[in-house]
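Visitor: compute the structure for the input listed below.
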Amino acid sequence: MGETASKTLLAIIELGGYPDFSPLYRNLGFEVVIEGSMRRALGYLKRHAPAVVVAEFNYQSGFRDRLSNLESLMAAIQRRPQTRVIVFYEQEVAHQFDRLRQRFAFFEALAFPIDPRALKATLRRV
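Guide: Prediction:
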């Protein structure tokens, strides 16, 4: 199923606009891999099994059959039950994100603005 990296964290930063948490991830002992698109992240997941994936929920009202690219990610992650997914989301679209929470098991979801202490505590639970 590909290479396993028990302390790798894949950060998918499609929109950004928040602090770079790479130093926090590294201070907790993670090797950090950053991808700027879901397509590239899905390619990475075909070859690697990170311990953690941190992704953004970007609500896409124009998608006919999906709410966001996060659904493609979760389909890929289902084949890697050991991988924990942490999602950053905007409070304004929480009701849309809740629809995904009914279908997928996320390890944690953190609303913007992201509290670094909450993120650190979440990553320590991984």
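Visitor: could you point out which element follows the helix or strand bottoming out on mean pLDDT in the chain?
Guide: For the chain, counting by mean pLDDT, DSSP states H and E, strand 3-12 ranks last in confidence among helices and strands (a mean of 78). With elements assigned by DSSP states H and E, the helix or strand that comes after strand 3-12 is helix 22-27.
Visitor: strands along the protein, start to end?
Guide: In the chain, strands defined by DSSP state E lie at 3-12, 31-35, 48-56, 84-89, 108-111, listed in chain order.
Visitor: in JSON lines, list those along with distance to D20 and mean neighbour count.
Guide: Backbone N, C-alpha and C define where each C-beta goes, glycine included. Below are the strands of the chain laid out as JSON lines (distance: least, Cβ to Cβ, whole Å; neighbours: other Cβ atoms under 10 Å):
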{"stretch": "strand 3-12", "distance to D20": "9", "mean neighbour count": "18"}
{"stretch": "strand 31-35", "distance to D20": "9", "mean neighbour count": "17"}
{"stretch": "strand 48-56", "distance to D20": "12", "mean neighbour count": "23"}
{"stretch": "strand 84-89", "distance to D20": "13", "mean neighbour count": "22"}
{"stretch": "strand 108-111", "distance to D20": "16", "mean neighbour count": "17"}
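Visitor: which residues touch stretch 24-34?
Guide: 5, 7-13, 22, 44, 48, 50-52, 54, 116, 119-120, 123-124 (Cβ atoms under 8 Å, 6 or more residues apart in numbering).
Visitor: typo on my end, stretch 95-112
Guide: Outside stretch 95-112, the residues that touch it by Cβ under 8 Å, 6+ apart are 18, 52, 57, 59, 67-68, 70-71, 74, 84-91, 94, 118-119, 122, 125-126.
Visitor: switch the cut-off to 7 Å
Guide: 18, 57, 59, 67, 70-71, 74, 84-91, 118-119, 122 (Cβ atoms under 7 Å, 6 or more residues apart in numbering).
Visitor: for stretch 71-83, same thing?
Guide: For stretch 71-83, contacts defined as Cβ under 7 Å, 6+ apart pick out M38, A41, L42, L45, A49, P50, A51, V53, A55, V85, L100, F104.
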